[in-house]
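Engineer: sequence unavailable; structure follows:
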């Protein structure tokens, strides 16, 4: 689904009756869509950009689902002037490592890799981090 946010296809896999801890991270800092789909738009929430910039913790940017204690969201936060720099920083690897300790599934909506070629440098470290 080129250029479309991920949730319409992934959220039906997670239901409130599921006991699987899941987090949805909006890592598309250029054209975020997850926040809009989940009614988290409008800039009233800190988000991934706040964490990557070092001004917030992951716990503070987590937005629990109001009807499902097993599902959390991490909105994009404020649109930064340097999204490629933030997404290629070591803070993203640290975020994924921390989220792995808290969630069974981590769903990340990211910018298209070819459109954001600068982000490919972070892809191997995020995918292979244990």
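Structural biologist: On my side now, so go ahead. Remember, predicted model here, so these are calculated numbers, not experimental data. Numbering: from 1, shown residues only.

Engineer: counting by contacts, list what the top helix by length along the chain packs against.
Structural biologist: Identified as the longest helix of the chain according to DSSP state H is helix 90-102. Counting contacts by 3 or more Cβ pairs under 8 Å, 6 or more residues apart in numbering; DSSP states H and E, helix 90-102 packs against strand 22-26, helix 48-52, helix 58-61, strand 105-109, helix 123-128. The C-beta positions use only the backbone N, C-alpha and C, and glycine is treated the same way.

Engineer: possible to save those as TSV with distance to residue 87, mean pLDDT and mean neighbour count?
Structural biologist: Formatted as TSV, the helices and strands packed on helix 90-102 follow (distance: least, Cβ to Cβ, whole Å; pLDDT from 0 to 100; neighbours: other Cβ atoms under 10 Å):
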stretch	distance to residue 87	mean pLDDT	mean neighbour count
strand 22-26	11	88	25
helix 48-52	7	91	25
helix 58-61	15	89	16
strand 105-109	11	87	18
helix 123-128	9	48	12
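
Engineer: and residue 77, which of those is closest to it?
Structural biologist: Among those, the nearest to residue 77 by Cβ to Cβ is helix 48-52 (3.9 Å).

Engineer: tell me which of the helices and strands packed on helix 90-102 sits nearest to residue 93.
Structural biologist: helix 123-128 (5.2 Å).

Engineer: picking that back up, would you reformat the helices and strands packed on helix 90-102 as a markdown table and include distance to residue 90?
Structural biologist: Putting these into a markdown table (distance: least, Cβ to Cβ, whole Å) gives the following:
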| stretch | distance to residue 90 |
| --- | --- |
| strand 22-26 | 17 |
| helix 48-52 | 10 |
| helix 58-61 | 14 |
| strand 105-109 | 17 |
| helix 123-128 | 8 |
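
Engineer: ok, the longest strand that the chain contains: who's next to it in the sheet?
Structural biologist: For the chain, the longest strand by residue count, based on DSSP state E, is strand 68-74. Strand 68-74 pairs in its sheet with strand 22-26 (parallel), strand 63-65 (antiparallel), by DSSP bridges.
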